[in-house]
Structure formats: C-alpha cells, structure tokens
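Asker: can't give you the sequence, but here's the structure:
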Ligand code: ASP
Ligand code: MG
C-alpha cells in the first residue's frame, strides 16, 4: 500500500463524463489499497474564459481580484470529482487551497508555495477518504486567495507529494509522456522512458508545456518520484522525471525544442562604460519584461551593440521602455524582429562530451539555415533562426535526424 498523489489536467476533467472516467481510475487505485490525494485543474478552457471576461474592463483589474476570480475554475473540478466518487461509493472530501492550508507568498497571480499544512490531510486519510485538492491556488498568512501562475496545478500536486512524503506523484495529461520533440512538428519522435529534472526544466523554458517548471524544481529539491502519463490511455507507461544518477542510460541529446513565441531586439551603439547594461536591463526588469539570450558584441570605438530576446507578447512593452530610455542615454538605434524562433537541443550528457554545438551549427548550415544568435548552458544549445518559410520545422527535423533521436529507444 502506498500514498499516491495524482494530478489531472483540464482536458481530463473537461466535462462530467471525463470526470466520471477519472473517478473510475481513482477507484482502481483505491481498490488496490492505496491512499490517494488528487489535484485537479479547472475544466479545460475555463481559466481562459475567466481571463477573457476581465479584458472587458477599461483598467487592468487588481491582481487580488484576479485571484479571487481565477481560483473559481478549480473549485468546479474538485466538487464534481467528489460527486463522481460519491456515485461510486468512495468516500472523499474536496478542499480548496485555503481549506487545505496551501500557504503561499502574497505575490498575486504568481505566488509561490511556502509550506502546506498536513494535519487535515492526515486526518482525512486516516478516516479512509480520498482527498481532492484544488490545484493552482493557495492562501497567504493574511487569508488572501492567491494563484500560482498559469499551469500551476502541477506545482500543487508535486508540493503536496513533497509535504506528505508520498511514494509517487503522477501527472495525468493529454499527452502520454515526454517526447524527443513535439510530434506535431517532427516525424519519428520517440517517447522518453526517463528524463532528468534539469532536461525537463530546460524543455519547459523552451516552450514545451508539459509540466509547470516550478513543479520540476520542487520534485528535484525534495526527491519526489514524478511521472507524466496519459489520462486517456491510462495503461500506457509514461515518462519518469528523475535525478541524473537514476538514469538507466544517459544520452548526449535527448530532445529538440523550438520556441516560436519569441522576439529579438537589438540596441546599437551603446556607450561602452560601466552601467550601460544595468540601465537597459534594470528598466526592462522594472517593467516585468523577461529577457533571455543576451549577446553583446565586441566593442569598437567605445561603442557596443547588444541583442537579446524577449517573449513575443512582451515585445511591445519592451520597445516602449527602450524608446523612453533612448532619450535619456546614448544609443543610436533600436531594432526588433518578430520573425524569429529559438531552436534548441537539450541533453544531460552534453556536460561530458565535446563537439555537440559544432554539430548543431553544421546541421543548420547544411540546411541553409542562418544562425542569428547563439546561447548555451551545460545541457543546452539554442540558436535564433528565422521563423518564416517553415524554417523551425525544417531545423527541428534535421536536428532530430542528425542526433539520431528516432533511435533513442534502441
Ligand atoms: N487552470 C490553471 C490554468 O489554466 C492552472 C492549471 O491548469 O494548471 O493555467
Ligand atoms: Mg498543465
């Protein structure tokens, strides 16, 4: 008998039929004698709809009120699931984040979990109940409702698993695991049996929206046994997210990813003196712009050019900030392009092998794909390339083929 935490995503609970399906699946675990804690997302589309409603106001609504609104989506799912389990004769209890005591920081819409109260959980588990907790939400010490950022239900599940010392945390979603690349973009992709936390984090930051990044960080920090699997084909093995030393086999490259929601910004002729970069990037940070891939050119005549990428939906905001700055400090021009994509290769084994970046560049060159910017980490190489003409798709397929990811499973 084990303590298992399961999370079901929005599509898994999108209507009452699907909720009944989930209840059946939970019953099979209960029948096998396991203690169960379930986290659910809002029915698919509900959070988006709530956000759309708030766009009709002239002013951007206070984030506190956004959280009061957005937290209602998950409340629908927990109640329906408790009713479905009731139908099957399985005692259960639904809890909002505040009812359970998921204690967070007060950063509305992007709160972080500080700790989780486990007294109620223990009591209800001892009483033989399945616990159903609303994902994505928590409460501050002052009693304010918070949410954890889009996709945050994964983080609720892993944090609950960490707090209760659960034996396993399963994330049920609409894909049956983590693949070597997005199967909609690339042919001959393979499902990975295992992936390291660090690889998963890199892939998540590259736009592979399988898991909320914070959930992977918590799993790594607390050694939570984590798996991603399909809520439709529940008999299929998913992908385990593990520590590097738990890998059965390590690969130099395990995945190819492409983020098409980026934009490139260049600033020309910044004065080459201490403080220039600070002014630019502090101003962007103050405006909540997420900056990635910063490249500063070699200086000439005491002038520097700096290029960087930002998320596509933050480019207007970033340009506004920079144009304000242009009047205050020396720079000759600001340019931007939204015709860019970031293609990356990721692999835990990259740390200990050479020539990986060179091979990536040569594959792109052979396919006549120009590299506009490059950045690397210990386990990742990313290149900015053009987005038009299906170039991202072509690049991904070429890299997937060249690194033989189609043969990764033997
Ligand atoms: N319902 C929230 C969202 O759509 C949280 C989640 O699904 O994980 O972002
Ligand atoms: Mg999700």
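Answerer: That came in fine, so what should we check first? What you see is a predicted model; the values in this text were computed from it and never measured. Numbering: from 1, shown residues only. Ligands and ions are numbered 1, 2, ... in the order given.

Asker: so residue 215 sits right up against residue 161, yeah?
Answerer: No - assessed by CB atoms under 8 Å, residue 215 is found out of contact with residue 161, at 9.6 Å. (Each C-beta comes from the backbone N, C-alpha and C, glycine too.)

Asker: next, show the common contact partners of those two.
Answerer: residue 226 (CB atoms under 8 Å, 6 or more residues apart in numbering).

Asker: find the nearest non-adjacent residue to residue 321, please.
Answerer: Nearest residue to residue 321, sequence neighbours excluded (CB to CB, 6 or more residues apart in numbering): residue 287, at 4.7 Å.

Asker: list the contacts for residue 168?
Answerer: Per CB under 8 Å, 6+ apart, neighbours of residue 168: 2, 4-5, 161, 225, 227.

Asker: just list the residues touching residue 226, thanks.
Answerer: Residue 226 touches 158, 161, 169-171, 215-216, 219, 240-241, counting by CB under 8 Å, 6+ apart.

Asker: list the contacts for residue 36?
Answerer: Contacts of residue 36 by CB under 8 Å, 6+ apart are 3-6, 26, 29-30, 130-131.

Asker: per-residue pLDDT of residue 209, please?
Answerer: With respect to pLDDT, residue 209 scores 71.

Asker: ok, the residue nearest to it when sequence neighbours are not counted to residue 204 distance?
Answerer: Distances taken as CB to CB, 6+ apart put residue 151 closest to residue 209, at 6.7 Å, once the chain neighbours are dropped. Residue 151 sits 9 Å away from residue 204, going by CB to CB, to the nearest Å.

Asker: same check, this time on residue 341
Answerer: Remark: distance between residue 341 and residue 204 (CB to CB) = 17 Å.

Asker: one step back: just the contacts of residue 168: which are in helices?
Answerer: If you go by DSSP state H, those have residue 161 in helices.

Asker: mark which of the contacts of residue 168 are buried, thanks.
Answerer: The neighbour count (16 or more other CB atoms under 10 Å) marks 4-5, 161, 225, 227 as buried among those.

Asker: doesn't residue 263 make contact with residue 342?
Answerer: No - with contact defined as CB under 8 Å, residue 342 does not reach residue 263; the gap is 10.4 Å.

Asker: shared neighbours, these two?
Answerer: Counting by CB under 8 Å, 6+ apart, the residues touching both residue 342 and residue 263 are residue 309.

Asker: those two: who's more crowded?
Answerer: residue 342 (25 against 21; other CB atoms under 10 Å).

Asker: distance of the closest residue in space to residue 135 that isn't next to it in sequence from ligand 2?
Answerer: Excluding the flanking residues, the one nearest residue 135 by CB to CB, 6+ apart is residue 153, at 2.6 Å. With the distance defined as CB to the ion, to the nearest Å, residue 153 ends up 6 Å from ligand 2.

Asker: just residue 381 next, same as before
Answerer: For residue 381, the distance to ligand 2 - CB to the ion - is 27 Å.

Asker: now that residue, nearest residue through space, not along the chain?
Answerer: That would be residue 357: by CB to CB, 6+ apart, it lies 4.7 Å from residue 381.

Asker: OK, contacts around the one you found?
Answerer: 374, 376, 381.

Asker: and the first one, what are its bridge partners?
Answerer: It refers to residue 374. In this entry, residue 374 is beta-bridged to residue 383, by DSSP bridges.

Asker: tell me the pLDDT of it.
Answerer: Reported pLDDT for residue 374: 94.

Asker: in contact with it, which residues?
Answerer: 295, 357, 361, 381-384 are the contacts of residue 374 under CB under 8 Å, 6+ apart.

Asker: the helices in this protein, which residues?
Answerer: 16-31, 46-54, 63-70, 72-87, 97-100, 119-126, 153-164, 197-205, 213-222, 276-286, 315-328, 356-366, 391-402.

Asker: tell me how far the shortest one lies from the chain's centre.
Answerer: What that stands for is helix 97-100. Chain-centre distance of helix 97-100: 24 Å, with CA atoms, centre = their mean, to the nearest Å.

Asker: hmm, back to that, hey, which of the helices of the chain is tucked in deepest?
Answerer: Stretch with highest mean neighbour count among the helices of the chain: helix 153-164 (a mean of 27; mean count of other CB atoms under 10 Å).

Asker: which residues of this structure score low on pLDDT?
Answerer: 207-208 (pLDDT under 70).

Asker: find the centremost residue of it, please.
Answerer: residue 212 (3.4 Å; CA atoms, centre = their mean).
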